[in-house]
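Visitor: no sequence on this one, just coordinates:
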């Protein structure tokens, strides 16, 4: 899903920029996420971090691990645990595809972005392959060249 499409339909909460730097994205999926009430309020306030998050498959279910949603500031004793595992809501066929592809070595499921769509919190997850160090350097060189070319075009 492209950023433009996300912005047209919904409100972007957070984007995982580190994912595009560290991983090569192969395939993306849109998933719902099972949240508690105080988590939704905290997300609406923008107090969420998915930089170090990843998804893992347990049995027939997919869980988002290590995503930090800060406790709600006006919450009470029943406030949520910030690093708890959250169930991702996917179709059975999508889960089966993920299970089949996870058998390949070197693939990970990572969150790319989190956004509201029709009042519901959605997570864009991706099957991704870890980039090698030299691939990251090549990407940085390409970005530098494109930046210099755009500066040159503007100055002319």
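Guide: It's in. Nothing here was measured: the structure is a model prediction, and the numbers come from that model.

Visitor: give me the element residue 81 is part of.
Guide: Using DSSP states H and E, residue 81 is not contained in any helix or strand.

Visitor: Which phi and psi values does it adopt?
Guide: phi -80, psi 130 (degrees, to the nearest 10).

Visitor: Tally up the residues packed near it, please.
Guide: Neighbour count of residue 81, defined by other Cβ atoms under 10 Å: 10. The C-beta positions use only the backbone N, C-alpha and C, and glycine is treated the same way.

Visitor: any idea where the strands of the protein begin and end?
Guide: Under the criterion DSSP state E, the chain contains strands at 11-15, 23-33, 48-49, 54-58, 61-65, 68-69, 86-89, 107-117, 120-130.

Visitor: can you put these in CSV and add distance to residue 96, mean neighbour count and mean pLDDT?
Guide: Below are those laid out as CSV (distance: least, Cβ to Cβ, whole Å; neighbours: other Cβ atoms under 10 Å; pLDDT from 0 to 100):
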stretch, distance to residue 96, mean neighbour count, mean pLDDT
strand 11-15, 28, 16, 88
strand 23-33, 12, 16, 90
strand 48-49, 29, 17, 90
strand 54-58, 10, 16, 90
strand 61-65, 11, 18, 92
strand 68-69, 28, 19, 88
strand 86-89, 14, 20, 92
strand 107-117, 14, 20, 91
strand 120-130, 13, 20, 90
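
Visitor: Would you mind pulling the contact partners of stretch 71-83?
Guide: Applying Cβ atoms under 8 Å, 6 or more residues apart in numbering, the contact partners of stretch 71-83 are 36, 38, 39, 41, 42, 45, 66, 67, 68, 69, 70.

Visitor: Please spell out which residues along it are buried.
Guide: Within stretch 71-83, the residues that count as buried by 16 or more other Cβ atoms under 10 Å are 72, 79, 80.

Visitor: Show me what the mean pLDDT comes to for it.
Guide: Stretch 71-83 shows a mean pLDDT of 77.

Visitor: from the middle of its chain, how far away would it be?
Guide: 22 Å (Cα atoms, centre = their mean, to the nearest Å).

Visitor: what's the span of it from first residue to last?
Guide: 10 Å (Cα to Cα, to the nearest Å).

Visitor: Ok, stretch 61-71 next?
Guide: By Cα to Cα, one end of stretch 61-71 lies 25 Å from the other end.

Visitor: Done for today, thanks.
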